[in-house]
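just coords:
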(Lines give C-alpha, C1' and ligand atoms only; values in the text may rest on other atoms or scores of the structure.)
Protein backbone atom coordinates (compact mmCIF):
# COMPACT_ATOMS: atom_id res chain seq x y z
CA UNK A 1 0.00 0.00 0.00
CA UNK A 2 1.18 3.51 -0.85
CA UNK A 3 0.16 6.46 1.29
CA UNK A 4 0.53 10.04 0.13
CA UNK A 5 -0.37 13.47 1.46
CA UNK A 6 -1.32 16.07 -1.12
CA UNK A 7 -0.93 19.67 0.04
CA UNK A 8 -3.35 21.92 -1.80
CA UNK A 9 -3.82 25.61 -2.36
CA UNK A 10 -7.37 26.24 -3.50
CA UNK A 11 -9.69 29.14 -4.26
CA UNK A 12 -10.44 30.72 -0.89
CA UNK A 13 -14.19 30.89 -1.39
CA UNK A 14 -14.37 27.20 -2.35
CA UNK A 15 -12.38 25.46 0.42
CA UNK A 16 -15.36 23.59 1.90
CA UNK A 17 -16.87 22.62 -1.46
CA UNK A 18 -13.54 21.35 -2.79
CA UNK A 19 -12.86 19.38 0.41
CA UNK A 20 -16.26 17.68 0.17
CA UNK A 21 -15.69 16.88 -3.50
CA UNK A 22 -12.23 15.42 -2.82
CA UNK A 23 -13.31 13.17 0.05
CA UNK A 24 -15.85 11.62 -2.31
CA UNK A 25 -13.14 10.42 -4.70
CA UNK A 26 -12.04 6.77 -4.50
CA UNK A 27 -8.63 6.47 -2.89
CA UNK A 28 -8.88 9.65 -0.82
CA UNK A 29 -9.48 8.59 2.77
CA UNK A 30 -9.41 11.97 4.50
CA UNK A 31 -9.24 15.67 3.73
CA UNK A 32 -8.08 18.18 6.33
CA UNK A 33 -8.66 21.92 6.29
CA UNK A 34 -5.41 23.40 7.61
CA UNK A 35 -3.79 26.69 8.57
CA UNK A 36 -0.51 27.86 7.07
CA UNK A 37 0.82 27.86 3.54
CA UNK A 38 -1.82 25.43 2.24
CA UNK A 39 -5.59 25.26 2.51
CA UNK A 40 -6.26 21.51 2.38
CA UNK A 41 -4.39 18.24 2.89
CA UNK A 42 -5.75 15.14 1.15
CA UNK A 43 -4.66 11.71 2.41
CA UNK A 44 -4.47 9.10 -0.34
CA UNK A 45 -4.18 5.36 0.19
CA UNK A 46 -3.46 3.44 -3.02
CA UNK A 47 -2.45 -0.14 -3.77
CA UNK A 48 0.63 0.92 -5.80
CA UNK A 49 2.37 3.91 -7.41
CA UNK A 50 0.40 3.52 -10.63
CA UNK A 51 -2.92 3.84 -8.82
CA UNK A 52 -1.54 6.77 -6.82
CA UNK A 53 -0.55 8.54 -10.04
CA UNK A 54 -4.02 7.95 -11.46
CA UNK A 55 -5.74 9.32 -8.36
CA UNK A 56 -3.57 12.45 -8.30
CA UNK A 57 -3.36 13.30 -11.99
CA UNK A 58 -6.58 11.92 -13.46
CA UNK A 59 -8.95 12.70 -10.60
CA UNK A 60 -7.72 15.00 -7.84
CA UNK A 61 -6.01 17.63 -9.94
CA UNK A 62 -8.99 17.83 -12.30
CA UNK A 63 -11.16 19.24 -9.49
CA UNK A 64 -12.01 22.82 -10.41
CA UNK A 65 -10.61 25.40 -7.99
CA UNK A 66 -7.29 23.74 -7.13
CA UNK A 67 -4.58 26.32 -7.78
CA UNK A 68 -1.43 24.49 -6.64
CA UNK A 69 -0.46 21.08 -5.23
CA UNK A 70 2.49 19.31 -3.68
CA UNK A 71 2.46 15.53 -3.22
CA UNK A 72 4.39 13.84 -0.42
CA UNK A 73 4.80 10.05 -0.51
CA UNK A 74 5.13 8.30 2.85
CA UNK A 75 7.91 5.74 3.35
CA UNK A 76 6.92 4.62 6.86
CA UNK A 77 4.26 5.40 9.41
CA UNK A 78 5.05 6.14 13.04
CA UNK A 79 2.00 6.20 15.23
CA UNK A 80 1.43 6.31 18.98
CA UNK A 81 -1.45 3.89 18.43
CA UNK A 82 0.87 1.36 16.79
CA UNK A 83 3.55 1.77 19.48
CA UNK A 84 1.08 1.36 22.34
CA UNK A 85 -0.29 -1.86 20.86
CA UNK A 86 3.26 -3.24 20.46
CA UNK A 87 4.19 -2.49 24.07
CA UNK A 88 0.95 -3.98 25.39
CA UNK A 89 1.50 -7.41 23.83
CA UNK A 90 1.29 -10.02 26.57
CA UNK A 91 -0.15 -7.68 29.19
CA UNK A 92 -3.64 -8.29 30.51
CA UNK A 93 -5.87 -5.61 31.90
CA UNK A 94 -6.69 -6.34 35.50
CA UNK A 95 -9.81 -4.90 36.94
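Sure thing, it's come through. What you see is a predicted model; the values in this text were computed from it and never measured.

For the residue positioned nearest the centre of the chain, give me the pLDDT.
The residue lying closest to the centre of the chain (CA atoms, centre = their mean) is residue 43, at 0.6 Å. Reported pLDDT at residue 43 in the predicted model: 97.

now swap in residue 90 and tell me
Listed pLDDT for residue 90 reads 59.

let's have the chain start at 188 instead
Okay, using 188 as the starting number, the last item reads as residue 277.

can I assume residue 256 sits in a helix?
No: looking at residue 256 with DSSP: H, G, I helix; E, B strand; the rest coil, it is strand, so not inside a helix.

returning to what we had before: so the residue nearest to the centre of the chain, which of the three states?
Per three-state DSSP, the secondary structure class of residue 230 is strand.

Now do it against residue 194, distance only.
In this view, residue 230 and residue 194 are 11 Å apart by CB to CB, to the nearest Å. C-beta here means a position set from N, CA and C on the backbone, and glycine is covered the same way.

cool, residue 188 as well?
20 Å.

More neighbours: which of those two?
More neighbours surround residue 194 than the other of residue 188 and residue 194, with 17 against 9 (other CB atoms under 10 Å).

in the protein, which helix or strand is least confident?
Ranked by mean pLDDT, DSSP states H and E, the helix or strand of the chain with the weakest confidence is helix 267-274, at a mean of 60.

pLDDT score for the residue nearest to residue 226 when sequence neighbours are not counted?
Once flanking residues are discounted, residue 226 sits nearest to residue 197: 4.8 Å by CB to CB, 6 or more residues apart in numbering. pLDDT for residue 197: 98.

List the contacts of residue 197.
205, 226, 227, 252, 253, 254 (CB atoms under 8 Å, 6 or more residues apart in numbering).

mind running it again at 10 Å?
By CB atoms under 10 Å, 6 or more residues apart in numbering, the residues touching residue 197 are 203-206, 209, 220, 225-227, 250-256.

likewise residue 229?
191-195, 205-206, 209-210, 212, 214-219, 242-243, 247, 250, 253, 256, 258.

now do 6 Å
Listed by CB atoms under 6 Å, 6 or more residues apart in numbering, the contact set of residue 229 reads 193, 209, 215, 218.
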